[in-house]
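Peer 1: with the sequence up front, the predicted model follows.
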2 protein chains.
Amino acid sequence: MEVKNNIRRLRFEKNQMTQQQLADAAGVTRQTIIAIEAGKYSPSLTLAFKVAEAFGVPIENVFQYEQQGGE
Amino acid sequence: MEVKNNIRRLRFEKNQMTQQQLADAAGVTRQTIIAIEAGKYSPSLTLAFKVAEAFGVPIENVFQYEQQGGE
DNA sequence: GTGTAATGTAAAGAATACTTTACATTATGT
DNA sequence: ACATAATGTAAAGTATTCTTTACATTACAC
């Protein structure tokens, strides 16, 4: 089970937003954005909301919950 | 800034689901559900997805991100 | 070439998110 | 009354999520 995201794509679509700009908008460090973008770890719901808000879209547009595995 | 939730209401509406049943469906302990329901801490996005899935609704129906404070 | 900006990796530390365990309270049925 | 179920609080421990710091790579402009 894993959460995937479209952060990189959304950044591109929103005036080529940089990771630092997104980090500033979401109130976190760039490292956090990098880690989440790369799926290093799953963000807290609070942060997920902030990221979604920075893009002006619902959470489900940014993150997708997908069942992983043979099932 | 705070995330609120309708977990208790949704549990009632879904055949009076108990906290333990929700915990089982979401794959966490009852204590976790209690804590999140009471706003003790904000869940991870992964858990938020699981809870929303247990209710069969989008995350935004379960959790709401609200600006807090005089702003 | 240099300088700047953007992106990426890594590691240690702090803070937070869960788990486990224990106990308490309330409500219902017999 | 007792028994069971549901809910609630608390605390310690574990795991995960972020922050900070450092360094590296890539890309572009001059």
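Peer 2: Happy to help now that I have it. Remember, predicted model here, so these are calculated numbers, not experimental data.
Peer 1: write out the residues of chain A neighbouring chain B.
Peer 2: Contact residues, chain A versus chain B (CB under 8 Å from any CB of the partner chain): A:1, A:3, A:42-50, A:53, A:58-60, A:63, A:65. Using the backbone N, CA and C atoms, a C-beta is placed for each residue, glycine as well.
Peer 1: give me the buried subset of the residues you listed.
Peer 2: Neighbour counting by 16 or more other CB atoms under 10 Å in any protein chain shown classes A:3, A:42-50, A:53, A:59, A:63, A:65 among the residues of chain A next to chain B as buried.
Peer 1: keep only those of those that are in strands.
Peer 2: Members of those lying in strands (criterion: DSSP state E): A:3, A:63, A:65.
Peer 1: do the longest helix that chain A contains and DNA strand D meet?
Peer 2: In chain A, with assignment by DSSP state H, the single longest helix is helix A:45-55. Yes: part of helix A:45-55 sits near DNA strand D under the criterion CB under 7 Å from any atom of the strand, namely A:46-47.
Peer 1: now the angle from that helix to helix B:45-55?
Peer 2: 90 degrees (axes from the mean of the first three to the mean of the last three CA atoms, to 10 degrees).
Peer 1: does DNA strand C have contacts with helix A:45-55?
Peer 2: Yes: using CB under 7 Å from any atom of the strand, helix A:45-55 comes into contact with DNA strand C via A:Thr46.
Peer 1: between the ones in strands among the buried ones among the residues of chain A next to chain B, which is closest to chain B?
Peer 2: Sorting those by distance to chain B puts A:Tyr65 at the head of the list, at 3.6 Å, by CB to the nearest CB.
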